[in-house]
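[1] predicted structure and sequence below. I'll ask about it afterward.
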Amino acid sequence: MKTYPVSPNLSTPRGYSHVVSTSGGRTIYVAGQIAMDKDGSVVGVGDLRAQTTQVFENVKAALAAAGATLSDVVKQNTYIVNLNAEALPVIREVRGQYFPAENPPASTLVGVTALAFADLLIEVEVIAVVD
């Protein structure tokens, strides 16, 4: 069971929820997913949109392996190399294709100087709860 409490003391979130509360169910933790295909090759070198799409496809596949879907995600952490204002609309647009507009997961976005491999631009980890 998931609920999305709203505080009148917080700004209106854009594409995420400030709070998600769960009870019961099974919790699934997905490690940070990067823009690698199943053969271990980096997808979309230098292309944030292509990498973001691959990352969410990988998140979707990891969740499916545990019997969950993106609609079960309650928390998302995103790490972006050299985060800047131009990256935000790209990330929001692609993320919006994967998460519902109503009751999206709680979310944190962090700018980092580097990820595990030099060609990576984005990494996403999630927590899901299956009722």
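    Ah, there it is. These numbers come from a predicted model, not from an experiment.

[2] in its sheet, what does the helix or strand where A128 lies sit against?
    Using DSSP states H and E, A128 sits in strand 122-130. Strands adjacent to strand 122-130 in the sheet, as given by DSSP bridges, are strand 26-33 (antiparallel), strand 73-81 (antiparallel).

[3] number of residues surrounding A68?
    The burial count assigned to A68 is 20, neighbours taken as other C-beta atoms under 10 Å. In this view, the C-beta of every residue, glycine as well, is placed from N, C-alpha and C.

[4] tell me what angle the helix or strand E57 falls within forms with strand 26-33.
    Secondary structure from DSSP H and E places E57 in helix 48-65. Computed with axes from the mean of the first three to the mean of the last three C-alpha atoms, to 10 degrees, the direction of helix 48-65 lies at 150 degrees from that of strand 26-33.

[5] next, the buried residues of helix 48-65.
    Neighbour counts over helix 48-65 (16 or more other C-beta atoms under 10 Å) mark L48, Q51, T52, T53, Q54, V55, F56, N58, V59, K60, A62, L63 as buried.

[6] CA atoms of the strand holding A128 as PDB?
    Only the C-alpha atoms of strand 122-130 are listed here, as PDB (Å, rounded to 0.1, in the frame of the first residue of the first chain):
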ATOM      1  CA  ILE A 122      23.900   9.400 -15.700                       C
ATOM      2  CA  GLU A 123      23.200   6.700 -13.100                       C
ATOM      3  CA  VAL A 124      19.800   5.900 -11.500                       C
ATOM      4  CA  GLU A 125      19.000   3.700  -8.500                       C
ATOM      5  CA  VAL A 126      15.500   3.000  -7.200                       C
ATOM      6  CA  ILE A 127      13.600   1.400  -4.400                       C
ATOM      7  CA  ALA A 128      10.300  -0.300  -5.200                       C
ATOM      8  CA  VAL A 129       7.600  -1.700  -3.000                       C
ATOM      9  CA  VAL A 130       5.400  -4.500  -4.400                       C
END
